[in-house]
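structure for the following, please:
(chains A and B)
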Amino acid sequence: MTAKNTTNSHQEISKWLDKYGDDMYSWAYYKTSSKETAEDLVQDSLVAAYKSFEKYKPGTNPKTWLYTILNNKIIDYYRSSNTRKSINESSLIGNSLEGDMYDSNGVFSKVQDSLWGNTEKHLLDNSEFNEILNNCINALPTNWRNVILGKYFHHKKGSKISKDLGITSSNMWQMAHRAKLQLKSCLDQNWKDN
Amino acid sequence: MKVAKLSCKQSSVLSEKKELGSLSLVESIKLKMHAKMCTACKSLSIDSKLIDQAVFKILEQRKEQKMSLTSAQREKILQALG
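Below you'll find the model as predicted:
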């Protein structure tokens, strides 16, 4: 890129950030449940757009182009959430979580009371409850959270979720199970009105 | 509570497997037998379904949620362009 082109593309990207930045940020948050990750993804996408600015076809909708880049970054993020480090970290949490709930034979070590009895419908409309669950979802280890998000985005189609995340099916069931236990435990601790 | 050679823990994992669409006939029978005889699993199963519904509802609401980058976040992004 020449100096002039660089200035032009910098100005253009800056304009796009003003115009589409919030929408991209909202979309990335919707897809990842993490504000930090959403911010990083917006940044990475705009940097990528800047670096390959010559690939943008003038006259076409820049938002479409930016969203293509962003969605690719989101796919990369899902894949990379299953690094050895994050798997090790979530395994530790999972083992301690299961250790609290089950004995060595995999049998519940204490009576499991249902959190809500017959109040389901009322609870789903309870804003305080939803706020707590919202925070519980965001606090899940990244790779478990992505399985939960995958269940939602892929309408529970397991094969698509495991493909997106680059994990085996049995890993996915295990993570979905542990994520569920963690959400229940988080609600047990934070939801007092029962 | 160990029924049909399935522990509560295995039963919970199989429930997730069922939800994600791939339970064999044998697994399905084992899970049903276990669920019939294990009251603790029944409670977890009720909670599990409710958590799923509530999570789906929250994520659905997020689709409409408008977020805004702060001026500091914008500045950081512009700096990253170099």
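
next one: phi and psi at residue B:31?
phi -60, psi -40 (degrees, to the nearest 10).

and residue A:102, by the same measure?
Main-chain dihedrals, residue A:102, degrees, to the nearest 10: phi -120, psi 150.

do a quick rundown of the helices in chain A.
A:3-32, A:35-51, A:62-80, A:84-101, A:120-124, A:127-138, A:142-153, A:158-165, A:169-190 (DSSP state H).

deepest of those, which one?
Mean neighbour count (mean count of other C-beta atoms under 10 Å in any protein chain shown) peaks for helix A:142-153 among those, with a mean of 23. Bear in mind the C-beta positions are built from the backbone N, C-alpha and C, glycine included.

so that helix versus helix A:127-138, what angle?
If you take axes from the mean of the first three to the mean of the last three C-alpha atoms, to 10 degrees, helix A:142-153 sits at 120 degrees to helix A:127-138.

need the three-state assignment for residue B:22.
Residue B:22 falls in the coil class when you classify it by DSSP: H, G, I helix; E, B strand; the rest coil.

how many neighbouring residues does it have?
Using other C-beta atoms under 10 Å in any protein chain shown, residue B:22 is surrounded by 13 other residues.

state the distance from the closest residue to it other than its chain neighbours to residue A:149.
Leaving aside its sequence neighbours, residue B:22 sits nearest to residue A:158 (C-beta to C-beta, 6 or more residues apart in numbering or on different chains; 5.9 Å). Relative to residue A:149, residue A:158 is positioned 14 Å away (C-beta to C-beta, to the nearest Å).

nearest residue to the middle of chain A?
Nearest to the mean C-alpha position of chain A, counting by C-alpha atoms, centre = their mean, stands residue A:32 at 2.7 Å.

what residues are up against the residue nearest the centre of chain B?
Centroid-nearest residue in chain B, with C-alpha atoms, centre = their mean: residue B:52, separated by 5.6 Å. Residue B:52 makes contacts with A:151, B:19, as judged by C-beta atoms under 8 Å, 6 or more residues apart in numbering or on different chains.

just the element for it, please.
Following DSSP states H and E, one finds residue B:52 within helix B:39-62.

show me which residues of that helix are buried.
B:40-41, B:43-48, B:50-52, B:54-56, B:58-59, B:62 (16 or more other C-beta atoms under 10 Å in any protein chain shown).

can you tell me the closest non-neighbouring residue to residue A:34?
residue A:138 (6.7 Å).

I meant to write residue A:87 there.
Leaving aside its sequence neighbours, residue A:87 sits nearest to residue A:143 (C-beta to C-beta, 6+ apart; 6.6 Å).

re the thing from before, okay, the helix holding residue B:52 in CSV with CA atoms only?
The C-alpha trace of helix B:39-62 is given here as CSV (Å, rounded to 0.1, in the frame of the first residue of the first chain):
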residue,chain,number,x,y,z
THR,B,39,-35.6,-39.8,42.7
ALA,B,40,-32.4,-37.7,42.9
CYS,B,41,-32.0,-38.0,39.1
LYS,B,42,-35.6,-37.0,38.6
SER,B,43,-34.9,-33.7,40.4
LEU,B,44,-31.8,-33.0,38.4
SER,B,45,-33.7,-33.8,35.2
ILE,B,46,-36.4,-31.3,36.1
ASP,B,47,-33.8,-28.6,36.8
SER,B,48,-31.9,-29.5,33.7
LYS,B,49,-34.9,-29.0,31.4
LEU,B,50,-35.7,-25.7,33.1
ILE,B,51,-32.1,-24.5,32.9
ASP,B,52,-32.1,-25.3,29.2
GLN,B,53,-35.4,-23.3,28.7
ALA,B,54,-34.1,-20.4,30.7
VAL,B,55,-30.7,-20.3,29.0
PHE,B,56,-32.4,-20.4,25.6
LYS,B,57,-34.7,-17.6,26.6
ILE,B,58,-31.7,-15.4,27.8
LEU,B,59,-29.7,-16.1,24.6
GLU,B,60,-32.8,-15.3,22.5
GLN,B,61,-33.1,-11.9,24.3
ARG,B,62,-29.5,-11.2,23.7
